[in-house]
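Colleague: Here's a sequence, model it:
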Amino acid sequence: MTQTVDLLADIDPDRIFRELAVQYRLLADSEAGVSDDLWSYTMAVVALCARIADAHTDLERGGTAGSSVRAALLDYRIR
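Modeller: Okay, the predicted model is just below:
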């Protein structure tokens with residue numbers, strides 16, 4: 001029997017997006033806080049990408065590629 005490995009289990013959206021913001025000079029360093037506006041923008045981009053990916057069914061996971069994107073990256077926290 002093959003064991004299923006969840007490749008998305010260790011994804012930390014907060015860390016990933018802070019590091020990207022530093023890379024693109026939107027934040028001074030990865031320890032800096034992300035503004036509410038930048039976080040809202042980032043989550044809007046994630047939601048748009050997920051909508052595009054909804055066209056691709058993921059039969060193994062029982063949903064769409066979009067649902068996998070949302071599960072891994074979309075963060076509904078109010079900042």
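Colleague: Every contact and neighbour count from this point should use C-alpha atoms.
Modeller: OK.
Colleague: Helix, strand, or coil at residue 42?
Modeller: Residue 42 carries the three-state label helix when classified by DSSP: H, G, I helix; E, B strand; the rest coil.
Colleague: Excluding chain neighbours, what is closest to residue 43?
Modeller: Take residue 43 and drop its neighbours on the chain: the residue closest to it by Cα to Cα, 6 or more residues apart in numbering is residue 74, 6.1 Å away.
Colleague: Next up, the contacts around the one you found.
Modeller: Neighbouring residues of residue 74 by Cα atoms under 8 Å, 6 or more residues apart in numbering: 13, 43, 46-47.
Colleague: Among those, which pair sits farthest apart?
Modeller: Farthest-apart pair in these is 13 and 47; separation 13.2 Å (Cα to Cα).
Colleague: So which elements touch the helix or strand in which residue 47 is found?
Modeller: Assessed by DSSP states H and E, residue 47 sits inside helix 36-53. Packed against helix 36-53 by the contact rule (3 or more Cα pairs under 8 Å, 6 or more residues apart in numbering; DSSP states H and E) you find helix 65-73.
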